[in-house]
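[1] after the sequence you'll find the predicted model.
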Amino acid sequence: MDFSVWQILSLLLLGYAAGIINTLAGGGSNLTLPMLMVLGLPADVANATNRVGIFLQTLWGASSFHRHGELPLHDFRGIFLPLSIGGVIGALAASYAPVTYLKPVLLLTMLSMTAIILIRPTVVLPEPGTPTRPVKGNPSAWAMLFVSGFYGSFVQAGVGFVLIMALAGTLRYDLVKSNALKLLCTLGFTSIALVVFIARGQVAWLPGLILASTMMLGAHHGVKFAIHAKASQLKWFLFVMTLCGTLAAFFF
């Protein structure tokens, strides 16, 4: 597949923006998926190809958060179990079914999250010093993590918002640690999905690697911003990105 200079530049710029957005909130795939389809990739191939950038971006971002001491791993085994079960089911569903079925679910989730952040932000974003809750004995967290894994493997776009609702809303991690864990969770189910998509021959490697190069750079800068930004700045960024993601899901 041949690409023009402008198409390559568009992939690079959108990849960088998506890397920042995915690291600090979610919804970067609302930029990259349409671009991959504009390049002529079928929806299932675009969905699979997008995971190359997501995989490398989350690997880089999670490693960066870990180096800064902001990646809590004490309960990750409990977090990863429901996430991986949902991820396997979602990846198989995505490989054989159209990705359009979950759009209403995504739209409803992001509308709800936008309203909650605006009206009662502490429901999703806990106050500083709030103790975290373990996954064990927390059925609402287990269910949200399973849904996150399924949805993330199925279509990816907007899964960051679902994960933040699970990690900050039900497990009560602060926004920085929620973003760090979100990247590690995304890395987990993206790995599962990518194995399925590669086995099915659905990955277009050239555009996937072009996107990945700047998505990693965006993740690098996103982590730096998250570490040094004020909590209020992160909350407003999350709110704006959730609102943009809602509009993107509604219109596209």
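    Looks like it came in fine.

[2] for the rest of this, base every contact and every neighbour count on C-alpha atoms.
    Fine.

[3] what about residue 202, which helix or strand?
    Following DSSP states H and E, there is no helix or strand that holds residue 202.

[4] next, count neighbours for it.
    By other C-alpha atoms under 10 Å, 18 other residues sit near residue 202.

[5] that one reaches residue 41, doesn't it?
    No: applying C-alpha atoms under 8 Å as the test, residue 202 and residue 41 come out as separate, 10.1 Å apart.

[6] ok, residue 16 - contacts?
    Taking C-alpha atoms under 8 Å, 6 or more residues apart in numbering as the criterion, residue 16 is in contact with 211, 214, 215, 216, 217, 218, 219.

[7] and the pLDDT at the fourth one?
    The one in question is residue 216. Looking at residue 216, its pLDDT stands at 96.

[8] what secondary structure does the residue nearest to it when sequence neighbours are not counted sit in?
    Leaving aside its chain neighbours, residue 216 sits nearest to residue 57 (4.4 Å; criterion: C-alpha to C-alpha, 6 or more residues apart in numbering). Classification of residue 57 by DSSP: H, G, I helix; E, B strand; the rest coil places it in helix.

[9] do you know the pLDDT at residue 57?
    95.

[10] okay, now it: neighbour count?
    Neighbour tally, residue 57, other C-alpha under 10 Å: 32.

[11] oh, and call the first residue 32 from now on, that's how I've got it
    Got it, first residue is 32 now, which makes that one residue 88.

[12] was I right about it contacting residue 246?
    Yes: counting by C-alpha under 8 Å, residue 246 is a contact partner of residue 88 at 5.5 Å.

[13] now do the shared contacts for these two.
    Here residue 88 and residue 246 share the contacting residues residue 50, scored by C-alpha under 8 Å, 6+ apart.

[14] picking up where we left off before, turn the contacts of residue 47 into CSV, including neighbour count, distance to residue 261 and secondary structure.
    Listed next are those as CSV, based on neighbours: other C-alpha atoms under 10 Å; distance: C-alpha to C-alpha, whole Å; DSSP: H, G, I helix; E, B strand; the rest coil:
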residue, neighbour count, distance to residue 261, secondary structure
242, 32, 29, helix
245, 23, 25, helix
246, 35, 23, helix
247, 26, 23, helix
248, 18, 22, helix
249, 25, 19, helix
250, 30, 18, helix
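
[15] can I get those residues in JSON lines including distance to residue 264?
    JSON lines is the format used below for those (distance: C-alpha to C-alpha, whole Å):
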{"residue": "242", "distance to residue 264": "27"}
{"residue": "245", "distance to residue 264": "24"}
{"residue": "246", "distance to residue 264": "22"}
{"residue": "247", "distance to residue 264": "22"}
{"residue": "248", "distance to residue 264": "21"}
{"residue": "249", "distance to residue 264": "18"}
{"residue": "250", "distance to residue 264": "17"}
